[in-house]
Each structure stands twice: as structure tokens, then as C-alpha cells.
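Trainee: sequence and predicted structure, then a few things I'm wondering about:
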Amino acid sequence: MAALIASRLAKTIWDEFKVKPSSVTLWTDAQIVLHWLRTESINMKPFVGVRVAEIQGTWSPEHWRYVPTHLNPADDISRGIATADINGRWMHGPSFLKEDKDIWPTEPSQTVKVDTECKTVKYICVVQKKEPVVDAERFSSWQRLLRVTSYCFRFIHNIRRRSQDRLDGPLHSSEVEEARLYWIKEAQQYMDDWKTRLLDLNHFVTSDIIRVGGRLKKSQLPYESVHPILLPSDHHILKLIMRDFHAKSCHAGTERTLCDSRREFWILRGRQIAKNIVSKCTMCRKLRQPPHSTLMGDLPSDRLRPFEPPFSVTGVDLFGRFFLKYGKNQSKKAWGAIFTCATSRAVHLEIVDNLSTEAFLQALRRFFISSWMATHHHLRQRNVIYWSTKRAEGFGQ
């Protein structure tokens with residue numbers, strides 16, 4: 001407030017002078033006031049900032065100088081003075097004003113360390129997010145994403161070159177590899193704490209790409225397999241990469257898909273991603289769909305006779321052909337007749353020389369002789385079922 005009153009008073013006196021003085025000097029014994037006057041008022045709190053702005057609008061900081069407290073005559077009245085001393089420094093001013101300016105008091109070199117009247121500085125910065133060349137979320141194929149990215153890079157390359165240096169025609173392998181490395185680096189940007197995490201993987205950086213260490217340096221495997229690329233699990237391209245390996249492995253299971261992917265990439269939580277890809281694969285769901293099962297009808301009454309002897313109800317069918325060896329170097333074609341008990345599921349086999357009726361009847365007679373208890377026979381030959389209820393002893397008649 002004292003500095004503000006001095007500024008207003010000096011401005012009033014300046015305006016009343018018809019002949020303006022060559023210079024105006026304002027004095028204060030408060031170093032903090034000098035610090036405020038040399039600071040922009042916008043950086044100060046409202047109470048001090050408004051008054052500092054008014055002073056700065058009237059007098060520049062060069063008009064202000066420092067006077068020590070013991071040489072300041074303004075303190076004589078505020079601190080008390082004898083009436084005999086009023087006619088001294090209070091009326092005529094300090095004695096150093098009559099001396100040369102070079103010997104006037106100077107401001108100490110000590111600066112203000114803490115200023116409570118200054119506003120707290122809040123740093124505001126604009127963070128511009130670097131967008132990728134294309135939006136990977138719009139793609140469902142890893143190979144298609146690489147091709148589209150390669151064409152984008154070719155377009156950027158061509159607009160910066162002359163017509164004779166531009167690229168055209170099909171994509172080169174180097175262009176696809178450039179797009180592949182670009183998306184790998186883009187995905188690895190999400191791994192902010194990779195230096196402190198996953199120390200057991202012994203990871204390292206080569207060509208701006210994070211790779212996994214290991215103990216296979218002396219093996220004959222390719223470098224990509226010995227030191228696979230480390231990738232996070234929360235980027236969209238990880239799903240595309242895993243889906244691509246799943247398709248290349250002919251829609252194999254989770255473990256095979258994960259094994260193939262680790263030949264080039266070490267994906268965090270890779271087994272979970274592979275399991276998710278396999279479970280949602282349309283082709284795998286079709287191939288692994290269980291067959292449709294239908295409800296079977298009721299068993300016939302002939303199959304439900306648990307207390308009857310074996311072969312009471314018998315079914316018969318032919319199988320073959322096969323060759324029977326007899327003699328020294330001779331063989332003969334033959335077929336087999338299988339007789340099955342409908343109740344106990346017992347089996348009886350007979351050899352049939354040919355597909356004639358006589359050969360089958362002979363096999364049937366041999367069966368009746370060995371299984372004389374058979375009463376019901378289900379004969380199936382060429383998809384025709386014959387029912388017989390004759391007794392074995394009457395079959396030959």
C-alpha cells in the first residue's frame with residue numbers, strides 16, 4: 001500500500017509540474033516490493049496483482065530503488081521521534097540524496113526465496129497422440145493389414161520422390177517386412193514397464209525391437225526362433241497374428257497354435273489368446289461339432305428274454321471275402337457267416353465256400369448241430385431279413 005500511495009503521489013506531482021523533471025526516483029525499504037514490481041502482475045494473487053499492475057502502468061521498475069531501513073526517513077514518524085529532531089532528516093530528507101548517484105544505497109544481492117503472493121504455477125501441455133497409418137481395429141486378417149500398410153508406405157514414398165524414383169507394381173518383400181516391423185514397434189509402445197517386468201525372460205533390445213533371451217544361442221535354429229519378439233497381450237494385432245498362425249496350422253488346437261507362434265513371437269498370455277482364437281474359430285467349430293445323435297427305438301421282444309438259453313433268438317450275416325490256404329501252394333476264396341445271440345450277444349462263426357444257397361444252408365446246418373437250442377433265426381443277406389421258426393431237427397427235411 002505504501003508503494004501504491006507513493007506512486008499515486010508522484011504521478012500527481014508530475015502532472016502539476018509545468019517543466020517536467022528529467023528523472024523520477026521512488027524509494028522503498030521492502031525488498032519484496034521491488035521483487036513484485038519486477039514480476040508480471042498476472043502471475044500474482046489478485047490483491048497484490050491489481051496494485052502492482054497500477055504501479056507498473058505508471059512507473060517502470062527502473063524508477064524504483066532500495067533504501068535501507070536505517071536511512072529511511074519515513075520510519076521516523078511511524079516509529080517515534082523527538083520533537084527536536086523533526087527539523088532534521090524528516091524535513092530535509094536523507095543526506096545521501098545530496099551526494100552523487102554512484103554512492104547511493106544499493107540493493108543487497110540476496111533474493112527472495114519464497115513468495116507467498118505469487119500464484120501456483122500450473123503447467124499445461126498439449127499431448128498430441130500419434131495415430132498409426134491405418135486403424136488396425138478395422139482388420140480381421142494379419143496379412144491384409146500388412147498389405148494395406150505397405151501400400152500406404154508406398155504412397156508416402158511416392159509423393160516424396162520424383163516420378164522416375166517412384167515404386168509401382170506388386171508389393172516387394174522388403175515393403176511387407178517394413179510394415180511388419182512398423183506394427184511390431186507400434187505394439188511394443190504399450191509396454192511401458194518392460195524394463196522392470198518379466199526379468200526372467202532376459203529380454204534385450206536390438207534394432208529398436210524388444211526380444212526375448214534364452215539359452216539357445218548355440219543351437220542351429222534361426223535367429224527369430226532363438227530370440228523371439230516380445231509382444232504385449234492388449235493390442236489388436238496380437239489377435240490377428242495368432243489367428244494367422246492358427247490358419248497356417250490347418251486349424252490345429254491351442255497348443256499347436258501357440259507353439260507355431262512362438263517360433264517368431266513371444267506373446268504375453270499367449271496361451272489364453274490362442275485358446276480364445278480356437279474357441280471362436282468358425283471352421284474349428286464346424287470340424288469339431290459332435291455328430292447328431294438320434295433317439296433309438298424300443299428293443300423288440302425277442303431281444304428281451306434274459307432267462308432263455310443262448311442262441312434262442314439268433315441273427316446271422318455274411319462277411320468277407322478272404323482266402324483260405326489248403327494244400328501246398330493253393331488258396332481258395334471263402335466268406336464267413338456270423339451268428340449272434342440276440343440276448344447274450346454270444347458269437348458263432350462258420351465258413352461259407354461261396355455265395356450260393358447250398359453253401360449257406362450247409363453252414364446253417366452246422367450251426368444248428370452245434371446250437372440245437374436255437375428257435376428263432378434272423379437271417380440278413382443283401383439287406384433282406386428272413387424269419388425262421390423251424391427247429392434244428394426239422395431243418396434238413
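Mentor: Cool, the structure landed.
Trainee: for the stretch 151-300 of the chain, what spans make up the strands?
Mentor: 204-206, 209-211, 229-231, 265-267 (DSSP state E, counting those that start in this stretch).
Trainee: which neighbours does the first one have in its sheet, and in what orientation?
Mentor: Right, strand 204-206. Strand 204-206 pairs in its sheet with strand 209-211 (antiparallel), by DSSP bridges.
Trainee: in this structure, which residue is closest to the centre?
Mentor: Nearest to the mean C-alpha position of the chain, counting by CA atoms, centre = their mean, stands D234 at 1.4 Å.
Trainee: a markdown table for the strands of the stretch 151-300 of the chain, including mean pLDDT and distance to K18?
Mentor: For every residue, glycine as well, the C-beta is placed using N, CA and C. Shown next, in a markdown table, are the strands of the stretch 151-300 of the chain (pLDDT from 0 to 100; distance: least, CB to CB, whole Å):
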| stretch | mean pLDDT | distance to K18 |
| --- | --- | --- |
| strand 204-206 | 90 | 79 |
| strand 209-211 | 92 | 81 |
| strand 229-231 | 93 | 84 |
| strand 265-267 | 93 | 88 |
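Trainee: so which of those strands gets nearest P309?
Mentor: Ranking these by proximity to P309 (CB to CB) places strand 265-267 first, at 67.1 Å.
Trainee: and the closest one, what does it pack onto?
Mentor: Strand 265-267 makes packing contacts with strand 229-231, helix 236-248 when contacts are defined by 3 or more CB pairs under 8 Å, 6 or more residues apart in numbering; DSSP states H and E.
Trainee: show me how far it is from its chain's centre.
Mentor: 12 Å (CA atoms, centre = their mean, to the nearest Å).
Trainee: report the contact partners of the closest residue to L231 other than its chain neighbours.
Mentor: Leaving out its chain neighbours, the residue that sits closest to L231 by CB to CB, 6 or more residues apart in numbering is I267, at 5.0 Å. I267 makes contacts with 231-233, 238, 241-242, 261, 273, as judged by CB atoms under 8 Å, 6 or more residues apart in numbering.
Trainee: so how far is S78 from I267?
Mentor: 79 Å (CB to CB, to the nearest Å).
Trainee: deepest-packed of the strands of the stretch 151-300 of the chain, please.
Mentor: Among the strands of the stretch 151-300 of the chain, strand 229-231 has the highest mean neighbour count (mean count of other CB atoms under 10 Å), at a mean of 23.
Trainee: and that one, what other elements does it pack with?
Mentor: Using 3+ CB pairs under 8 Å, 6+ apart, strand 229-231 sits against helix 173-188, strand 209-211, strand 265-267.
Trainee: try it again with 10 Å
Mentor: On a contact count with 3 or more CB pairs under 10 Å, 6 or more residues apart in numbering; DSSP states H and E, strand 229-231 meets helix 173-188, strand 209-211, helix 236-248, strand 265-267.
Trainee: outside of stretch 169-182 itself, list whatever touches it.
Mentor: 132-134, 142-143, 145-154, 157, 167, 207-209, 229, 237, 241, 264 (CB atoms under 10 Å, 6 or more residues apart in numbering).
Trainee: okay, V114: pLDDT?
Mentor: The score at V114 is 56. That number is its pLDDT.
Trainee: max-length strand in this structure?
Mentor: strand 313-326 (DSSP state E).
Trainee: so which bits of the next helix or strand after that strand are buried?
Mentor: Later in the chain than strand 313-326, the nearest helix or strand by DSSP states H and E is strand 330-341. For strand 330-341, a neighbour-count test (16 or more other CB atoms under 10 Å) marks 335, 337, 339-341 as buried.
Trainee: as JSON lines, the residues you listed with pLDDT would be great.
Mentor: Listed next are those as JSON lines, based on pLDDT from 0 to 100:
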{"residue": "W335", "pLDDT": "94"}
{"residue": "A337", "pLDDT": "93"}
{"residue": "F339", "pLDDT": "91"}
{"residue": "T340", "pLDDT": "90"}
{"residue": "C341", "pLDDT": "87"}
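Trainee: of the contacts of stretch 169-182, which belong to helices?
Mentor: 142-143, 145-154, 157, 237, 241 (DSSP state H).
Trainee: of these, which pair is most distant in space?
Mentor: The widest separation within the ones in helices among the contacts of stretch 169-182 (CB to CB) is 25.3 Å, between H157 and I241.
Trainee: what about these two, which has more around it?
Mentor: Taking neighbours as other CB atoms under 10 Å, H157 and I241 compare with I241 leading, 25 against 14.
Trainee: report the separation between the more buried one and T206.
Mentor: 20 Å.
Trainee: now do G327
Mentor: 78 Å.
Trainee: repeat for S41
Mentor: S41 is 55 Å from T206, by CB to CB.
Trainee: rewinding a little: out of the strands of the stretch 151-300 of the chain, flag the one nearest G297.
Mentor: Closest of the strands of the stretch 151-300 of the chain to G297 is strand 265-267, at 52.2 Å (criterion: CB to CB).
Trainee: list the strands paired with that closest one, with their directions.
Mentor: Applying DSSP bridges, one finds strand 265-267 paired with strand 229-231 (parallel).
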